[in-house]
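Novice: with the input below, show me the fold.
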Amino acid sequence: MFFVLQAFSLPVLAEAFSSADEKSVHAVVDAQLAALAKDDAKKAFSYAAPNVRKSVGSATGFIALVRKEYPMVYRPASVVFLRTEGKDDEAFQRVQILDADGNSWLAVYSLQRQKNKSWLITGCVVVESRSRMA
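Specialist: Predicted coordinates for the structure are as follows:
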């Protein structure tokens, strides 16, 4: 499930991910953002882990939630992928987002490796960022 928080702490994961894992994690988040940009609810929902699917219930419910609660993720003006961190079967992908009003946000996606070795999104925390995007 997605959560919007004003402040949060991110676990520090000491081990670097393999290049292949980092690319896979990045690709999943990027693909979900692309599906949201096309209003493809079914495709966007397909990148959600079972915990999210169970909580939200349907692709229609998922895209409605993102539209209402996460407009910066639903329609970003620009995105910049930052370093991926992870350990074992858990990953965090930070994404700097600029919304249509010029506000900067940091989205931290959590992902989990599935039994079939694919990565799926287990959640996202979005906080307003004071940093500037060029």
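
Novice: so where's this protein uncertain?
Specialist: Counting by pLDDT under 70, the ranges of the chain that qualify are 1-16, 131-134.

Novice: just give me the residue right at the centre of it.
Specialist: What sits nearest the mean C-alpha location of the chain, by Cα atoms, centre = their mean, is residue 109, with 3.7 Å.

Novice: residues contacting the helix or strand that contains that one, please?
Specialist: According to DSSP states H and E, residue 109 maps onto strand 104-113. Residues external to strand 104-113 that are found in contact with it (Cβ atoms under 8 Å, 6 or more residues apart in numbering): 8, 10, 25, 28-29, 49, 72-73, 86, 88-99, 119-133. The C-beta positions use only the backbone N, C-alpha and C, and glycine is treated the same way.

Novice: so how far is residue 49 from the residue nearest to the centre of the chain?
Specialist: Here the criterion is Cβ to Cβ, to the nearest Å. By it, residue 109 lies 11 Å from residue 49.

Novice: any shared contact partners between the two?
Specialist: residue 121.

Novice: hey, where'd the strands end up in this protein?
Specialist: 2-4, 78-87, 90-98, 104-113, 119-128 (DSSP state E).
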